[in-house]
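In: Build the 3D model from these lines:
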Amino acid sequence: MRFDVITIFPASIPPILEVGVVGQAWKAGDLAIHVHDLRDFADDAHRVVDDRPYGGGAGMLLKVEPLARAIESLRPTLGPRTRFVLLSAQGKPFTQKDAARYAEGDGLVLVCGRYEGVDERVLAFVDEEVSIGDFVLAGGEAAAVVVIEATARGIPGVVGKYESVATDSFYAAPRLGAPQYTRPPDFRGLCVPEVLLSGDHAKIEAWRQREAWKKTTRNRPELLGLRGEEDERRG
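Out: Reported below is the predicted structural model:
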């Protein structure tokens, strides 16, 4: 699968993605990651890509012209199932389902906002606008890395043991993953639950399911409503 990132800070993306399972898959050729400098698509000698917003207001906006040129330069080279995504605090929440959907496509082009955002007309050149959370970042570069890593994990061969992906939080159900433990079994009186040491796989699985929902109730209670919706669809 191919990932493309359009940004005014191209040097910020590769160092993070070159490590771990994504870096290994990139090096092996299982993934292709290309980073494009938005300033290369400016039309003036100073490579200006931002301007003041109409109507006044603080800050600057990324202009529509260089972003449109950057996007249009990529379209002829990419597969038909490539998604073009604007990363923005105003977008719909990015979820595990989105990552799985992207992983089934030919590629993903991520457009990084900056400053106070982008000219709204950029939306005419992308397929969707997504946000990684209800907070504001200095730009979309960190969000791009998040989306690439979440998507890449769903591509067969990127993660060595695919079961690791299938048991992740949010993967199969709208809940968090179960608590996990490793050696030693007793650390300063903090003990691993006995059921995990029992070797009884049926009991262990039942414990994991139960504890996953307990943790979800404690940390993300809003997800419990989604559980009900999924049960209705399955019923």
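
In: Which of the helices and strands in the chain ranks last by mean pLDDT?
Out: Lowest by mean pLDDT, DSSP states H and E among the helices and strands of the chain is helix 162-166, with a mean of 54.

In: which residues touch the helix or strand following that one?
Out: Remark: after helix 162-166, the chain's next helix or strand is strand 186-187, criterion DSSP states H and E. Strand 186-187 is contacted from outside by V192, using C-beta atoms under 8 Å, 6 or more residues apart in numbering. Any C-beta I mention is one placed from the backbone N, CA and C, and that applies to glycine too.

In: 147 is where my numbering starts, stick with that
Out: Sure, I'll start numbering at 147, so the last one becomes strand 332-333.

In: List the strands paired with strand 332-333, with their directions.
Out: Here strand 332-333 is paired, per DSSP bridges, with strand 336-337 (antiparallel).

In: And for the lengthiest helix in the chain, what's in contact with it?
Out: Longest helix in the chain by number of residues (criterion: DSSP state H): helix 347-365. Helix 347-365 is touched from outside by 321-325, 339, 341-342, 344, 369-370, 373, with contacts defined as C-beta under 8 Å, 6+ apart.

In: try 6 Å
Out: 321-322, 324-325, 341, 369 (C-beta atoms under 6 Å, 6 or more residues apart in numbering).

In: With stretch 296-304 instead?
Out: 147, 167-168, 171, 176-177, 245-246, 248-249, 305, 311.

In: Dump these to CSV, plus distance to R299 and secondary structure.
Out: Compiled in CSV, the contacts of stretch 296-304 are given as follows (distance: C-beta to C-beta, whole Å; DSSP: H, G, I helix; E, B strand; the rest coil):
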residue, distance to R299, secondary structure
M147, 12, coil
V167, 7, helix
V168, 8, helix
A171, 10, helix
D176, 12, coil
L177, 11, coil
A245, 7, helix
A246, 10, helix
Y248, 11, helix
A249, 8, helix
V305, 6, strand
V311, 6, helix
